[in-house]
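Q: next come a sequence and a model predicted from it.
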Amino acid sequence: MTEILAHLSGVNRTYQKGKEKVEVLHNLDLDIPQGDFVAIMGPSGSGKTTLLNLLGGLDKPSAGSVRVGDAEISAMSNSQLSHWRSTNVGFIFQFYNLLPVLTAQRNVELPLLLTKFNAKERARRAAIALDIVGLSERAKHYPRELSGGQEQRVAIARAIVSDPSLLLCDEPTGDLDRETADEILKLLQLLNSEHGKTIVMVTHDAQAASYAKRTLHCDKGTLEVREAA
């Protein structure tokens, strides 16, 4: 029986917009098994990114429970969440968020500054992560010296450097051409199949979603599961 990595139960998320309350997620239940690769699709404002933020501990539900692994993250304080994220979750965004004054190697090392690893160990782990994404030879290059696809690979290396069990991807190919996007998606598949990473990816791109094992369609705060073609 496959172990459940993430479990959401009865989750609601409501925001205050002026005098009006806007419900983004409504009584949502979701199980994500260890080793899953899930794509989340849906129109803008449907709750996709909110769901991703809840899974990553960047947001808290208005009601309900969010559990990842053995951690009830919906009950954690902000400081507890910060520590938990540093070792359990890797984030990959549409825009790479690399620091231009740092080399690829140093950018990848950044999440490890929140750990107890010394400089030598941080460098070793960053080198391994860059090798996994095929960019060892670019370790000393700055973001301005890299293509968009290479920058996203550095961002992926940064996301996996602490060896998290869960990767959360928000439109990871939205700023890339089709050929480069497909290369990044194949890399995500590799991380899923050969490195055991559980991946949840928000995308508007049906072709990107086809790389996942299954698709969740988010609309008006609820989810419909659709198997990938």
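A: The structure has been received and is ready for your questions. Because the structure is a prediction, the values reported are computed rather than measured. Numbers count the residues shown, from 1 in each chain.
Q: and the biggest helix by length in the chain, what does it pack against?
A: Looking across the chain with DSSP state H, the single longest helix is helix 178-193. Helices and strands touching helix 178-193, by 3 or more C-beta pairs under 8 Å, 6 or more residues apart in numbering; DSSP states H and E, are strand 37-41, helix 148-160, strand 166-170, strand 198-202, helix 206-209. Quick note: C-beta positions are derived from backbone N, CA and C, even for glycine.
Q: and it, what's buried?
A: Neighbour-count burial for helix 178-193, counted by 16 or more other C-beta atoms under 10 Å, picks out 180-181, 184-185, 187-188, 191-192.
Q: how about it as CSV, C-alpha atoms only?
A: Output in CSV follows, covering the C-alpha atoms of helix 178-193 (Å, rounded to 0.1, in the frame of the first residue of the first chain):
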residue,chain,number,x,y,z
ARG,A,178,8.2,24.9,-25.9
GLU,A,179,11.4,23.0,-26.5
THR,A,180,13.0,24.2,-23.4
ALA,A,181,9.8,23.7,-21.4
ASP,A,182,9.7,20.1,-22.5
GLU,A,183,13.3,19.6,-21.3
ILE,A,184,12.4,21.0,-17.9
LEU,A,185,9.4,18.8,-17.7
LYS,A,186,11.4,15.7,-18.6
LEU,A,187,13.8,16.7,-15.8
LEU,A,188,10.9,16.9,-13.3
GLN,A,189,9.8,13.4,-14.5
LEU,A,190,13.3,12.2,-13.8
LEU,A,191,13.3,13.6,-10.3
ASN,A,192,10.0,11.9,-9.8
SER,A,193,10.8,8.5,-11.2
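Q: how about residues contacting that helix?
A: Residues outside helix 178-193 that contact it (C-beta atoms under 8 Å, 6 or more residues apart in numbering) are 35, 37, 132-134, 147-149, 152-153, 156, 160, 167, 169, 172-173, 176, 197-199, 201, 205, 207-208, 211, 213.
Q: swap the cut-off to 6 Å and go again
A: Helix 178-193 is contacted by residues 37, 149, 152, 173, 197, 199, 208, 211 when judged by C-beta atoms under 6 Å, 6 or more residues apart in numbering.
Q: how about TSV for those, with pLDDT, distance to residue 93 and neighbour count added?
A: Formatted as TSV, those follow (pLDDT from 0 to 100; distance: C-beta to C-beta, whole Å; neighbours: other C-beta atoms under 10 Å):
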residue	pLDDT	distance to residue 93	neighbour count
37	95	18	22
149	90	15	18
152	89	9	27
173	87	11	26
197	94	16	22
199	96	14	24
208	92	14	25
211	94	18	22
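Q: check the nearest residue to residue 142 once chain neighbours are set aside and give its pLDDT.
A: Using C-beta to C-beta, 6 or more residues apart in numbering and skipping residues adjacent in sequence, the residue nearest residue 142 is residue 103, 5.8 Å away. Note on residue 103: pLDDT of 95.
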